[in-house]
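[1] Quick one, fold the following:
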Amino acid sequence: MDFSKLYHPSALNGYQFIALTGLIMSGGAHLLLHFVFHHTVQGFNWLYVCWAALYVIGTLRNLFGKPDAGHHHHH
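    Predicted structure coming up:
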């Protein structure tokens, strides 16, 4: 099993990439709201649960999914 698919940016699939981007952006928004605007949004923490779930789904697809036969990447 290739564990670099969990953390190496070039090995991440779309779900993992979107989840990490969402996590970073949500974290930035959360910090701005807390420290700059001194405001708390009720239920904002559920975003982190959603991003984590999306990352886990992407990880499972990345580790155990079979690539499509017709799907080719040209570099």
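[2] got a list of contacts for stretch 44-58?
    By Cβ atoms under 8 Å, 6 or more residues apart in numbering, the residues outside stretch 44-58 that reach it are 12-20, 22-23, 26, 30, 33. Yep, even glycine has a C-beta here, placed from its N, CA and C like the rest.
[3] Output those as JSON lines; include the columns distance to Asn45 and neighbour count.
    Formatted as JSON lines, these follow (distance: Cβ to Cβ, whole Å; neighbours: other Cβ atoms under 10 Å):
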{"residue": "Leu12", "distance to Asn45": "24", "neighbour count": "20"}
{"residue": "Asn13", "distance to Asn45": "26", "neighbour count": "16"}
{"residue": "Gly14", "distance to Asn45": "25", "neighbour count": "10"}
{"residue": "Tyr15", "distance to Asn45": "21", "neighbour count": "17"}
{"residue": "Gln16", "distance to Asn45": "21", "neighbour count": "22"}
{"residue": "Phe17", "distance to Asn45": "22", "neighbour count": "13"}
{"residue": "Ile18", "distance to Asn45": "19", "neighbour count": "15"}
{"residue": "Ala19", "distance to Asn45": "16", "neighbour count": "22"}
{"residue": "Leu20", "distance to Asn45": "18", "neighbour count": "17"}
{"residue": "Gly22", "distance to Asn45": "14", "neighbour count": "17"}
{"residue": "Leu23", "distance to Asn45": "12", "neighbour count": "17"}
{"residue": "Ser26", "distance to Asn45": "9", "neighbour count": "16"}
{"residue": "His30", "distance to Asn45": "8", "neighbour count": "16"}
{"residue": "Leu33", "distance to Asn45": "12", "neighbour count": "14"}
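[4] which ones among the residues you listed are found in helices?
    Judged by DSSP state H, these include Gly14, Tyr15, Gln16, Phe17, Ile18, Ala19, Leu20, Gly22, Leu23, Ser26, His30 as members of helices.
[5] Compile the residues you listed into a markdown table and extend it with columns for pLDDT and distance to His39.
    Below are the ones in helices among the contacts of stretch 44-58 laid out as a markdown table (pLDDT from 0 to 100; distance: Cβ to Cβ, whole Å):
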| residue | pLDDT | distance to His39 |
| --- | --- | --- |
| Gly14 | 94 | 32 |
| Tyr15 | 96 | 30 |
| Gln16 | 95 | 30 |
| Phe17 | 95 | 29 |
| Ile18 | 96 | 26 |
| Ala19 | 97 | 25 |
| Leu20 | 96 | 25 |
| Gly22 | 97 | 20 |
| Leu23 | 97 | 20 |
| Ser26 | 97 | 15 |
| His30 | 96 | 10 |
